[in-house]
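S.K.: Based on what follows, work out the 3D shape:
(one chain, ligands or ions: 2)
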Amino acid sequence: MQLTTNCTFLENELLDAARLFQTRPQTIEHAFRFEGGVFYNDFAIDGERYSFKDEGQVCDEILFKRLERRFAKLRLYELLSKKYDVKMPWGALTGIRPTKLAYAEKERGEDFKKLFAQMGVCDENISLVERILQTQEGIYEKKDGNTELFVSLPFCPTKCAYCSFITAPIEKTRAYIPAYLDALDRELLAARELVGNLRGVYIGGGTPFALQTDELARVLRSTAPLFALNPQAEYTVEAGRPDVFSEDKLKLLRDFGVNRICVNPQTFSDETLQKIGRKHTVADFYKAYETSEKYGFTVNIDLIAGLTDETPEAFSKGVESAAKTGADNITVHCLSLKSGAKLKEEISYIENEDISDMIAASRKILDERGYSPYYTYRQKYQAGNNENTGWTKEGKACVYNIDVMEETTDNLAVGANAISKRVYTKEGKLERFASQKDLKTYIANIDEIIVKKRKFFKE
Ligand SMILES: C[S@@+](CC[C@H](N)C(=O)[O-])C[C@H]1O[C@@H](n2cnc3c(N)ncnc32)[C@H](O)[C@@H]1O
Ligand code: SF4
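M.R.: Ligands and ions are numbered 1, 2, ... in the order given. Alright, predicted model coming up:
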């Protein structure tokens, strides 16, 4: 597909809208102009011409840019939706944070539902967003200085076929672990001065439990003085894959005050687990889950819709099984295939007719089982243009997930491939600082990273 426009800053927006469709035109030509309070968008789709006029009251440059983007994208979406006779669940919205957009509309005194309907978002998704905003009441907080601490442990027992996270099988990276843990110690020591009002600590991956117990103990020891700044804060370890769980590791977490963990089956079918290269069974999951409960953790379970050969019926049964465990949180992901994932080489575009049924079924089952949706986000190349949604039992929502998804809180992220964010509430802006992705470069640049991160959070 070739796309040309006279307005270069609209190029990515238009491409994002066109990429929502599995079938695409060969050429899209676009021209934009603004005259007498009217936004004109002219398109030629494979040579066929269309013109649109939209009126919009413009009082400043920011609003002008917003409407310029909105109308161009909406009109292209509508054209392609009609041409290929297909509607997307999120309509012309291509951003990864629908709830953040809803909050922005609310802050402007507008009803977000009006904008979402105008952009073609389906009724079910408008209701989903409305429910999420309700669940977030009392947790969502926009205040300068609120901080989440993230510690990155990009190690995994083996690489799952669908995963594009920057993480490697631990046998290939084991040699870097001592130097990596040294670097983390130094970052965590330097971070003590940078933390504001600590809301949560999240040790994530990869698979933190891929580390040995003594290695994990070192990370927890170095994190302890930061957690001590607010012992009431939420403390999560994304322990991860059931095949690396042990009572020793769980006991260690409990001794350091960790109160939440993730035990992720992804699917409740042994056949699927084998196909996606996860080296554990459903029985391993139950064992890890039950042991985690014994230690009193709040537990999250991750599932993925759209895994190899899984039917909607099999997926629904999996959601039922997940709900039956009584887990406090269940996160339902939709398969997203990015480069870096082994599965991507085998499938270029996922057959996604069933995905929307799977998502609809998961919503119904979890709702009936007493779960409420508490955060949602979208990713590129996600099957059926759906989303990932976290569900929670009452009072158990993960504050870290909300703070990070809504981008209301500073994220002080340490380790390789950690992206720190600083939120400037009054100015309505957000800045990012990313550390090096690969272990070797991260370790080699640790002095510079510490200096730069201090500057990033202090100046
Ligand atoms: C950063 S991973 C860490 C979890 C942990 N390592 C594990 O596998 O149990 C977080 C979650 O992202 C989801 N995920 C990873 N790759 C995905 C993909 N390609 N599409 C959809 N969800 C994905 C999985 O549900 C996974 O549990
Ligand atoms: S899904 Fe989890 S365990 Fe599998 S490769 Fe990705 S981060 Fe590692």
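S.K.: so how far is stretch 64-81 off the chain centroid?
M.R.: Computed by C-alpha atoms, centre = their mean, to the nearest Å, the chain-centroid distance of stretch 64-81 equals 25 Å.
S.K.: Check stretch 367-384 too.
M.R.: Counting by C-alpha atoms, centre = their mean, stretch 367-384 comes out at 10 Å from the chain centroid.
S.K.: In it, which residues are buried?
M.R.: 369, 371-379, 381-384 (16 or more other C-beta atoms under 10 Å). Every C-beta, even on glycine, is put in place using the N, C-alpha and C of the backbone.
S.K.: So is it next to ligand 2?
M.R.: No: counting by C-beta under 6 Å from any ligand atom, ligand 2 has no neighbours in stretch 367-384; the shortest distance is 13.6 Å.
S.K.: and that stretch, average pLDDT?
M.R.: The average pLDDT for stretch 367-384 rounds to 91.
S.K.: Tell me the one of the buried residues of stretch 367-384 nearest residue 299?
M.R.: Distance to residue 299, by C-beta to C-beta, is smallest for residue 371 among the buried residues of stretch 367-384, at 13.2 Å.
S.K.: before we move on, the earlier item: so of the buried residues of stretch 367-384, which ones are in strands?
M.R.: 372-377 (DSSP state E).
S.K.: follow-up on the earlier one: I'd like the buried residues of stretch 367-384 as JSON lines, with distance to ligand 1 appended.
M.R.: Listed next are the buried residues of stretch 367-384 as JSON lines, based on distance: C-beta to the nearest ligand atom, whole Å:
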{"residue": "369", "distance to ligand 1": "19"}
{"residue": "371", "distance to ligand 1": "17"}
{"residue": "372", "distance to ligand 1": "20"}
{"residue": "373", "distance to ligand 1": "16"}
{"residue": "374", "distance to ligand 1": "16"}
{"residue": "375", "distance to ligand 1": "13"}
{"residue": "376", "distance to ligand 1": "13"}
{"residue": "377", "distance to ligand 1": "11"}
{"residue": "378", "distance to ligand 1": "11"}
{"residue": "379", "distance to ligand 1": "7"}
{"residue": "381", "distance to ligand 1": "9"}
{"residue": "382", "distance to ligand 1": "7"}
{"residue": "383", "distance to ligand 1": "8"}
{"residue": "384", "distance to ligand 1": "12"}
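S.K.: Which residues are in contact with the closest residue to ligand 2 within the stretch 251-400 of the chain?
M.R.: Taking C-beta to the nearest ligand atom, ligand 2 has its nearest neighbour within the stretch 251-400 of the chain at residue 278, 6.6 Å off. The contact partners of residue 278, taken as C-beta atoms under 8 Å, 6 or more residues apart in numbering, are 160, 241, 243, 266.
S.K.: Can you classify it as helix, strand or coil?
M.R.: Counting by DSSP: H, G, I helix; E, B strand; the rest coil, the backbone at residue 278 sits in coil.
S.K.: Please apply the same query to residue 165.
M.R.: Going by three-state DSSP: residue 165 is coil.
S.K.: coming back round to it: closest one to ligand 2 out of the contacts of residue 278, please.
M.R.: Nearest to ligand 2 among the contacts of residue 278: residue 160, at 3.2 Å, using C-beta to the nearest ligand atom.
S.K.: burial count for that closest one?
M.R.: Residues lying near residue 160 (other C-beta atoms under 10 Å) number 23.
S.K.: Just confirm it contacts residue 274, I think it does.
M.R.: No: using C-beta atoms under 8 Å, residue 160 is not in contact with residue 274; the gap is 11.5 Å.
S.K.: Could you chop the chain up by domain?
M.R.: Here the domain assignment for the chain is 1-86, 146-414, based on automatic domain parsing.
S.K.: Go through those and pick out the most buried.
M.R.: domain 146-414 (a mean of 20; mean count of other C-beta atoms under 10 Å).
S.K.: Pull the distance from that domain to the chain's centre.
M.R.: 11 Å.
S.K.: Next: stretch 420-434.
M.R.: Remark: stretch 420-434 is offset 18 Å from the chain centroid, using C-alpha atoms, centre = their mean.
S.K.: Buried residues of it, list them for me.
M.R.: Buried, per 16+ other C-beta under 10 Å, within stretch 420-434: 420-423, 433.
S.K.: right, and the pair among those residues with maximum separation?
M.R.: Using C-beta to C-beta, the buried residues of stretch 420-434 reach their maximum pairwise distance at 423 and 433, which is 12.6 Å.
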